[in-house]
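In: Sequence first, predicted coordinates after that:
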Amino acid sequence: MQINVAQLLRASIGSVRDYEIKKIIDITGDGVNSLVQGKVRLMRTNRSILAKGELETDVELTCGRCLSPFKCPLKINLEEEYYPTADVDTGAPLAAPDEPGSFTIDENHILDLTEAVRQYALLAIPMKPLCKENCAGLCPFCGQNLNRGPCGCPLKSADPRWAELSKLKKEKGK
Ligand SMILES: [Zn+2]
Ligand SMILES: [Zn+2]
């Protein structure tokens, strides 16, 4: 996701360029690649280049209820400023931006969106991912994935309190 912005740095403030993004990156850092697609608009500001984008991707996650791996779609609404580090005409180095940790454009005027997209995608991952909203989860007794159908355990309820009750009943019956 590297874009040469030399032309845009020379353009007047408010100038925009639109780009179609289609790139495979490793979002979670575990070697699983995700295809990132969407549109990004770059705008020249008085001090930087503002990148705004709407991108989509998906990552492989584990369902918090049934523990199955699934592909989770993510929407990425990117908005980041990129500060030039070299003067576009003279090549002279420019002062670092005030905000530490800001994204920068390298001395060859290449703006690389990859790291920002990765960070935004990570933030878009749900805390408790579910393979589907009504995921049935695992049977607490036999561990079967109930999305694949009932497991045949004698108790229909997944509430473990019922299990205790039934144990008591059985003991009484002895
Ligand atoms: Zn699930
Ligand atoms: Zn079961």
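Out: Thanks, I have it. Numbering: from 1, shown residues only. Ligands and ions are numbered 1, 2, ... in the order given.
In: quick one, what contacts residue 110?
Out: Going by C-beta atoms under 8 Å, 6 or more residues apart in numbering, residue 110 touches 2, 3, 4, 5. From N, CA and C alone the C-beta is placed, and that goes for glycine too.
In: filter those to the buried ones?
Out: Buried members of the contacts of residue 110, counted by 16 or more other C-beta atoms under 10 Å: 3, 5.
In: Now pLDDT, distance to residue 64 and secondary structure too, for the contacts of residue 110, in a markdown table please.
Out: Supplementary listing: the contacts of residue 110 in a markdown table, determined by pLDDT from 0 to 100; distance: C-beta to C-beta, whole Å; DSSP: H, G, I helix; E, B strand; the rest coil:
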| residue | pLDDT | distance to residue 64 | secondary structure |
| --- | --- | --- | --- |
| 2 | 95 | 36 | strand |
| 3 | 96 | 37 | strand |
| 4 | 97 | 42 | strand |
| 5 | 97 | 41 | coil |
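In: helix/strand/coil for residue 8?
Out: The three-state label given to residue 8 by DSSP: H, G, I helix; E, B strand; the rest coil is helix.
In: For the closest residue to residue 17 other than its chain neighbours, pull up the helix or strand it's in.
Out: Spatially, and ignoring its direct neighbours in sequence, residue 17 is nearest to residue 42 (4.9 Å; C-beta to C-beta, 6 or more residues apart in numbering). Counting by DSSP states H and E, the element that carries residue 42 is strand 34-44.
In: Residue nearest the middle of the chain, spatially speaking?
Out: Geometric centre of the chain, nearest residue: residue 121, 2.1 Å, by C-alpha atoms, centre = their mean.
In: part of a helix, is it?
Out: Yes: counting by three-state DSSP, residue 121 is found in a helix.
In: if I look at it, how far off is residue 144?
Out: Taking C-beta to C-beta, to the nearest Å as the measure, residue 121 falls 33 Å from residue 144.
In: For the chain, which residues are neighbours of ligand 1?
Out: 63, 65, 66, 131, 135 (C-beta under 5 Å from the ion).
In: Surely the fourth one touches residue 66?
Out: In this case it means residue 131. Yes: Residue 131 is within contact range of residue 66, at 6.3 Å (criterion: C-beta atoms under 8 Å).
In: All good on my end, thank you.
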